[in-house]
Every structure is written in C-alpha cells, then in structure tokens.
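Peer 1: A predicted structure for the sequence below; I have some questions about it.
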Amino acid sequence: MQVEQITWSDRGGWQKPASVANAQMVLVFGHRSAFENAAFAADLARHWPNAARIGCSTAGQIQGTDVSDEGAVATAVHFDHTDVRVATAHVTAAESAAAGAALATRLAAPSLVHVLIISEGLDINGEALVRGLGEKLPSTVSVTGGLSADGEHFKETLVLCDGAAKKNCVVAIGLYGSRLKVGYGSLGGWDPFGPERQITRSAGNVLYELDGQSALALYKRYLGDHAADLPASGLLFPLSLRTRDVSAPVVRTILSVSEADQSLTFAGDVPTGGYVRLMKANFDRLIDGAVGAGRVSAEALGTPVDLALLISCVGRRMVLRQRVEEEVEGVRDIVGPAAAITGFYSYGEISPFTPKARCELHNQTMTVTTLSER
C-alpha cells in the first residue's frame with residue numbers, strides 16, 4: 001500500500017504535485033469553502049483521474065498530528081492487492097434506512113471486506129442509515145465512517161459524490177480482497193451527571209418529552225446560560241442513551257432544536273422507552289478515550305498500520321480547544337510513526353465499539369479505522 005498526503009489552500013492551491021498518480025482511492029476532508037470552489041474539484045480530477053474521490057466538509061481536518069480549519073487535505077491510496085468500488089445515494093432523515101440498504105446492495109460481492117461511509121451530516125438519521133446497511137450486508141463485512149460537518153455553524157454540510165460536492169448525499173466505498181486487514185475501535189470519555197430520565201415521547205431521531213416534560217425546556221434548564229447558543233452549545237452536554245437494543249450506552253448530540261414543538265433533533269434514534277442522562281466533559285478521559293480507540297483498532301489489525309482514519313466529534317473539538325491535537329497525538333503513539341494519519345471532526349461517527357460488536361452511530365467519540373495489506 002502506498003499513501004500520499006497533499007494539502008490545498010484557497011490562495012496557493014495544492015502544496016505539491018501528486019506523485020501517487022495510480023491511486024484507487026483519495027480521501028478528501030476540508031473546510032466547506034474548499035468544496036464550494038469549482039477549481040478544487042477540477043484539480044482533484046486532474047491529479048487523480050482514475051481514483052474514487054470521496055470526502056466531505058468538516059469541523060476540522062486531520063493530517064498526521066495536525067488539526068486545521070482552513071483549506072483541505074487529500075490522502076491518496078494505492079492498494080497492491082485490494083479493489084475499490086464506490087456507490088452513492090441521495091439521503092434525507094426520512095430516507096436514511098433505504099439509502100443504507102441501497103448502498104449495501106450495490107456494493108455486495110463475495111470478496112467485500114469493508115465499507116467506508118461518508119454521509120450528509122444534518123438532514124440525516126445516522127442510526128437508520130447504519131441499520132439499513134446492516135440489514136443487507138453479511139456479518140463478515142465491517143462498516144465504519146462518519147457524518148460530514150460544517151464547523152460549529154450547523155447550516156450546511158457537503159459530501160464529495162460523483163465528482164462534485166453535494167448536499168443530501170451519502171457515499172460508500174467498498175474494499176475487496178483477502179489481503180486487506182481492517183481494524184476499528186470507538187471510545188468516548190464523557191462523565192454522566194444528574195438523574196436518568198425516561199424518554200416518554202419521541203419519533204425516530206426527534207425527542208419531544210422526558211419524564212412527561214418538554215425535552216427542550218428541561219434541556220435548557222440544565223444548560224443555563226449556554227441555552228442561548230443552542231444547538232452548538234448542546235455539543236458540550238450530550239446525552240447518554242440506554243436501551244434494550246444496544247450492548248452499551250451510546251451518546252447522542254443535538255443537530256437542531258424547534259421552539260415551535262419544543263423538540264430536539266439528534267443524529268440518531270432516541271426511542272420512546274429509552275433512558276438518557278446528561279454528560280459533561282472530562283479532559284483527561286477524552287484523550288484517554290482516543291488512545292483507547294487507537295489501541296483497540298491497531299490490536300485488531302495484528303500487523304503494522306499503513307493508514308489510520310480518525311473521525312472524532314465536533315463536540316470533542318469544542319471542549320478540547322487548544323488541546324485537541326493531544327488526542328490525535330495519542331493515537332499516533334499507538335499506530336506508530338510509519339502510519340499515515342488522516343481524518344476529520346464530524347457530526348457523528350459510525351463504527352462498532354470493538355471488533356465483533358454491532359456497528360452503531362456514535363456521537364462524541366473518537367473512532368479509529370486502521371488499514372494494512374501486509
């Protein structure tokens with residue numbers, strides 16, 4: 001496997017010419033303005049005309065141990081023994097499960113090993129998307145990925161689909177071949193506080209009532225002065241969700257709020273009858289969670305890591321601020337100096353917690369996917 005990384009800026013274009021011209025896959029993560037620049041997509045096609053070019057707008061992109069807000073980073077990958085196929089679909093929150101099932105059907109083949117998903121980040125039910133994929137894919141095929149982002153703005157996210165940056169798009173890369181090894185892990189590091197409350201009214205990923213009270217009013221009461229900055233401030237106080245259908249509690253963060261019906265919309269389902277608790281940041285545990293995800297992913301691989309894809313949540317970035325690179329450096333210490341590292345800060349992460357666990361949508365986690373052909 002050969003891996004090359006190049007950065008792009010609005011002023012200077014590409015940092016250097018591409019040298020891995022025969023790449024089959026190029027992962028592209030950047031600020032929304034980069035994807036809105038027509039020259040950017042044209043340059044991608046010119047550098048890697050035969051590659052599957054996928055990516056998205058972010059809340060910060062990762063290259064090595066650096067986290068940046070402006071421009072973009074492209075990671076070109078040439079596999080020696082792995083085939084690559086791409087499928088795309090239109091997606092909205094209501095169509096999420098159907099989009100996942102359609103993507104899985106298009107990618108299905110006996111040699112399929114792993115599916116990497118990059119999705120619309122706002123008008124989406126990420127849990128339904130994952131469920132649709134899981135219903136059509138065999139249990140031997142692993143799935144990881146994430147939801148695109150728009151910094152702390154929550155206005156519009158873009159996904160690189162079919163050579164162009166689009167809204168309401170989800171793209172899936174299928175990786176095929178017996179030589180490819182894939183590892184993955186996802187961990188958080190947040191502390192719960194306050195009482196556990198039951199979801200008494202919800203619909204899909206929209207939460208209306210907790211313990212028979214307005215969910216939005218209750219949430220605002222806990223947030224205090226932070227409530228004026230919703231939905232962005234909700235990233236600082238996510239919910240831990242416990243249901244009978246999941247092996248461990250998952251974390252949910254807010255995508256939008258509605259004053260009209262006093263509801264909160266989340267990136268994944270918040271089923272009636274489930275139980276939630278508010279969570280708050282613990283700096284050291286957040287960084288320890290990133291290190292733990294890297295360790296689980298690398299150990300599952302069983303060989304030296306060639307490429308590590310890191311997808312962390314925008315909420316972690318908002319909390320860690322100047323310390324954000326510490327979680328990336330922690331993963332670097334695990335995967336080793338020879339591994340190429342790329343990734344982005346997202347509105348949701350897709351991965352099993354650990355190998356052999358069920359794939360789920362997460363919020364506020366660091367998710368690490370490792371690849372090797374050795």
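Peer 2: Here it is on my side, so go on.
Peer 1: Not including adjacent chain positions, what is the nearest residue to the residue of the chain most remote from its centre?
Peer 2: In the chain, the residue that sits farthest from the middle, by C-alpha atoms, centre = their mean, is G212; the gap is 32.4 Å. Spatial nearest neighbour of G212, excluding adjacent residues (C-beta to C-beta, 6 or more residues apart in numbering): T200 at 5.1 Å. Bear in mind the C-beta positions are built from the backbone N, C-alpha and C, glycine included.
Peer 1: In terms of helices and strands, where is the one you found?
Peer 2: Per DSSP states H and E: T200 is located in strand 190-203.
Peer 1: Can you name the residues in contact with that strand?
Peer 2: 207-212, 218, 222, 238, 240, 242, 251, 270-282, 285-286, 364 (C-beta atoms under 8 Å, 6 or more residues apart in numbering).
Peer 1: The same query, at a cut-off of 7 Å, please.
Peer 2: 207-212, 222, 238, 240, 251, 270-282, 285, 364 (C-beta atoms under 7 Å, 6 or more residues apart in numbering).
Peer 1: picking that back up, give me the neighbour count for the residue nearest to G212.
Peer 2: 15 (other C-beta atoms under 10 Å).
Peer 1: and what of R221?
Peer 2: By the criterion of other C-beta under 10 Å, R221 has 11 neighbours.
Peer 1: repeat for T243
Peer 2: By other C-beta under 10 Å, neighbour count at T243 equals 16.
Peer 1: residue contacts, it?
Peer 2: Here T243 is in contact with P271, G274 (C-beta under 7 Å, 6+ apart).
Peer 1: let's see it at 8 Å
Peer 2: P271, G273, G274, Y275.
Peer 1: Near A164, how many other residues are there?
Peer 2: By the criterion of other C-beta under 10 Å, A164 has 13 neighbours.
Peer 1: Please tell me I have it right and it contacts A42.
Peer 2: No - shown here, A164 and A42 do not form a contact pair, counting by C-beta atoms under 8 Å, at 10.3 Å.
Peer 1: what bits of the chain have low per-residue confidence?
Peer 2: Across the chain, the ranges flagged by pLDDT under 70 are 246-247.
Peer 1: Scan it for its longest helix.
Peer 2: Determined from DSSP state H, the single longest helix within the chain is helix 283-301.
Peer 1: Please identify the buried residues of that one?
Peer 2: For helix 283-301, the neighbour count (16 or more other C-beta atoms under 10 Å) marks 286-287, 289-298, 300-301 as buried.
Peer 1: now do stretch 271-284
Peer 2: P271, G274, Y275, V276, R277, L278, M279, A281.
Peer 1: How about the last one: what's its closest non-neighbour residue?
Peer 2: Taking C-beta to C-beta, 6+ apart as the measure, A281 lies nearest to V319, with 4.2 Å between them; neighbours along the chain are not counted.
Peer 1: what helix or strand does that neighbour sit in?
Peer 2: Short version, using DSSP H and E: V319 is in helix 314-320.
Peer 1: what angle do the helix or strand following that helix and helix 283-301 make?
Peer 2: Going down the chain from helix 314-320, the next helix or strand is helix 324-335, by DSSP H and E. Relative orientation of helix 324-335 versus helix 283-301 (axes from the mean of the first three to the mean of the last three C-alpha atoms, to 10 degrees): 30 degrees.
Peer 1: Point out the other elements, helices or strands, that helix 324-335 touches.
Peer 2: On a contact count with 3 or more C-beta pairs under 8 Å, 6 or more residues apart in numbering; DSSP states H and E, helix 324-335 meets strand 66-68, helix 283-301, strand 307-313, helix 314-320, strand 340-346, strand 366-372.
Peer 1: Check the offset of the fourth one from the chain's centre.
Peer 2: Per C-alpha atoms, centre = their mean, to the nearest Å, the displacement of helix 314-320 from the mean C-alpha position of its chain is 14 Å.
Peer 1: Which neighbouring elements make contact with that helix?
Peer 2: Of the remaining helices and strands, those touching helix 314-320 by 3+ C-beta pairs under 8 Å, 6+ apart are helix 283-301, helix 324-335, strand 340-346.
Peer 1: Pairing partners for the shortest one, with directions?
Peer 2: According to DSSP bridges, the neighbouring strands of strand 340-346, each with its direction, are strand 61-63 (antiparallel), strand 307-313 (parallel).
Peer 1: and V67, what does it touch?
Peer 2: V67 neighbours (C-beta under 8 Å, 6+ apart): G60, Q61, R317, V324, E325, V328, Y345.
Peer 1: so which of those residues would you say is closest to T75?
Peer 2: Q61 (10.0 Å; C-beta to C-beta).
Peer 1: For the spatially most central residue of the chain, which residues are in contact?
Peer 2: Centroid check for the chain by C-alpha atoms, centre = their mean gives G146 as the closest residue, at 2.1 Å. By C-beta under 8 Å, 6+ apart, the contact set of G146 is I117, I118, S119, I311, F344, S346, Y347, G348, E349, I350, T367.
Peer 1: of these, closest to F154?
Peer 2: Set against F154, the nearest of the contacts of G146 by C-beta to C-beta is Y347 (8.0 Å).
Peer 1: so how many other residues sit close to that closest one?
Peer 2: A count of neighbours around Y347, defined by other C-beta under 10 Å, yields 28.
Peer 1: now do Q63
Peer 2: For Q63, the count of nearby residues is 20 (other C-beta under 10 Å).
Peer 1: Without its sequence neighbours, what residue ends up closest to it?
Peer 2: Counting by C-beta to C-beta, 6+ apart, the residue nearest Q63 is V73, at 4.4 Å.
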